[in-house]
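K.L.:
What shape does this take:
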Amino acid sequence: MYPEQLFNQKRWLFFVGIKALIIKNGKILVLSSGASELSSTGRTKAFWDLPGGKVEWGESVAETLRREVHEELGISKNSLRIKRIFEASVSRIRISHGIPVPLLLITFLCSINGSNGFKLSDEHASFKWVDAKTAKRLLGVKFNRTFVKELDSI
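P.N.:
Prediction:
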């Protein structure tokens, strides 16, 4: 079978998602979903998330993470400090922009320099800094059990 045929059958199509688990003073930054995020995911009920998004063609993981954090929080790309991979997982199916596809999601432990003065994009309605116990409850709606359990290590 030729690669074009495999692509047309969507056997090779998947998204690589990158998330930033930002820690400051022992607290975790969480973002509530906004109108455009609800629309793109097909959800009707608001949920909590971490900043991040999909890797675009030709981008490195660090470039993606910095771009997404800049777009979603309005902070300088240089403000983000990427420390290490926190957790990675593969989902069977995620709906993104109306397309059902597998998702490889990699979450990086990060910190930021500077203030908490964010200018949120329309993907998010609000943000707050929470302890790990609260983050587990809020993020458990979207993230898998392995990720949520790993938050105990924060």
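K.L.:
Can you find which helix in this structure contains the most residues?
P.N.:
Ranked by residue count and defined by DSSP state H, the top helix of the chain is helix 61-73.
K.L.:
Identify the residues contacting that helix?
P.N.:
Outside helix 61-73, the residues that touch it by Cβ atoms under 8 Å, 6 or more residues apart in numbering are 18, 20, 22, 31, 51-56, 59, 75-80, 82, 106, 108, 110, 112, 118-121, 123-124, 127. For every residue, glycine as well, the C-beta is placed using N, CA and C.
K.L.:
Next: stretch 48-60.
P.N.:
With Cβ under 8 Å, 6+ apart as the test, stretch 48-60 has contacts from 15-22, 29-33, 37, 61, 64-65, 67-69, 71-73, 96, 107, 124, 138-139, 141-142.
K.L.:
can you give me the offset of the host helix or strand of S40 from its chain's centre?
P.N.:
Using DSSP states H and E, S40 falls within helix 35-41. Its chain's average C-alpha position is 14 Å from that of helix 35-41, according to Cα atoms, centre = their mean, to the nearest Å.
K.L.:
go on, stretch 63-75?
P.N.:
Taking Cα atoms, centre = their mean, one finds the center of stretch 63-75 at 11 Å from the center of the full chain.
K.L.:
which of the residues in it are buried?
P.N.:
Using 16 or more other Cβ atoms under 10 Å as the test for burial, stretch 63-75 gives T64, L65, R66, R67, E68, V69, H70, E72, L73, I75.
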